[in-house]
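**Student:** Provide a 3D model corresponding to the input given below.
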Amino acid sequence: MDTDTTDTDQPLDDPRAMLALLESQQRQVQNAQQSPVIWMYLIWGITWLVGFLALWSGDTDGNPWFTIPDYLATPVFIVMLVASIVASAVLGIRINRGVRGISTFSGAVYGLSWSVCSAAFALVGTGLIGQGLSPELANLYFPAAYALMCGTIYLGGAALWRDVSQLVLGLVLLAVGAVSTFAGSPGNDLVLALGVGVAFLIAAGSLAVRRRRGR
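**Tutor:** Sure thing, here's the model as predicted:
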């Protein structure tokens, strides 16, 4: 009889050490996913704050302290908006980079939703203008529509990744976007600049602090 047998009853690793390892890996994954979200918040915060302040300052009935030529304010806003949409699409896809399966599909759909929804809202506005929508009402529609779009997408992101920051931000965007129409034009530009822009920047800062503490 061969007495040189292998002992299969070796003690398992310390469960506490295994749990700590799993928690550490989970924090690393969460930190990696939060980084694109922070940049997304920061980009949109700057776009809403600077872009809408530029529009407000470009209107003769807007900023009482100084004005910006309309031919400069509008292109600045459009360029910043398009850049933010493209950046959001790229960052949304990268949220689950390196993760396979359903999460990859979710991240891809979330990223594409920015450009697809933006195009849809733009087409609706263009169609309304073609049916006689006045420039004054168009100035109310487009900003509010994109605020509602962003808010809805962030609610979807909150559901996908169980992210409270996206839930709160989405609700703020929906509320500010809806209320902005009551301020008229160009008052709605100031409401959106301060309400949405500052909310994005606060969300970016708070998430960055939480990410640093969670390391």
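
**Student:** distance between the ends of stretch 130-138?
**Tutor:** 11 Å (Cα to Cα, to the nearest Å).

**Student:** An error on my part: the question was meant for stretch 57-76.
**Tutor:** 12 Å.

**Student:** centre of the chain versus that stretch, how much separation?
**Tutor:** The chain centroid and the centroid of stretch 57-76 are separated by 26 Å, computed with Cα atoms, centre = their mean, to the nearest Å.

**Student:** For it, what does the pLDDT average out to?
**Tutor:** The average pLDDT within stretch 57-76 is 91.

**Student:** Show residues contacting that stretch.
**Tutor:** The contact list for stretch 57-76 (Cβ atoms under 8 Å, 6 or more residues apart in numbering) reads 50-51, 53-56, 185-186, 189-190. Every C-beta, even on glycine, is put in place using the N, C-alpha and C of the backbone.

**Student:** How about it, which residues are buried there?
**Tutor:** By 16 or more other Cβ atoms under 10 Å, the buried positions in stretch 57-76 come out as 57-59, 62-63, 68, 73.

**Student:** And stretch 104-120, by the same measure?
**Tutor:** For stretch 104-120, the neighbour count (16+ other Cβ under 10 Å) marks 106-107, 110-111, 113-114, 117-118 as buried.

**Student:** and if you look at stretch 36-54?
**Tutor:** Neighbour counts over stretch 36-54 (16+ other Cβ under 10 Å) mark 36-49, 51-54 as buried.

**Student:** Show me the helices in the protein, by range?
**Tutor:** Shown for the chain, the helices assigned by DSSP state H span residues 15-58, 70-94, 102-130, 135-161, 164-180, 187-192, 198-213.

**Student:** okay, those, which one's buried deepest?
**Tutor:** helix 187-192 (a mean of 23; mean count of other Cβ atoms under 10 Å).

**Student:** May I have that one exported as CSV, CA atoms only?
**Tutor:** This file holds the C-alpha atoms of helix 187-192, laid out as CSV (Å, rounded to 0.1, in the frame of the first residue of the first chain):
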residue,chain,number,x,y,z
GLY,A,187,-34.4,84.3,-18.0
ASN,A,188,-34.5,80.5,-18.6
ASP,A,189,-30.8,80.6,-19.6
LEU,A,190,-29.8,82.0,-16.2
VAL,A,191,-32.0,79.4,-14.4
LEU,A,192,-30.4,76.5,-16.3
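
**Student:** so what secondary structure elements neighbour it?
**Tutor:** With contacts taken as 3 or more Cβ pairs under 8 Å, 6 or more residues apart in numbering; DSSP states H and E, helix 187-192 sits against helix 15-58, helix 135-161, helix 164-180.

**Student:** Redo these as TSV? Include distance to Val124.
**Tutor:** Output for the helices and strands packed on helix 187-192, formatted as TSV (distance: least, Cβ to Cβ, whole Å):
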stretch	distance to Val124
helix 15-58	20
helix 135-161	7
helix 164-180	15
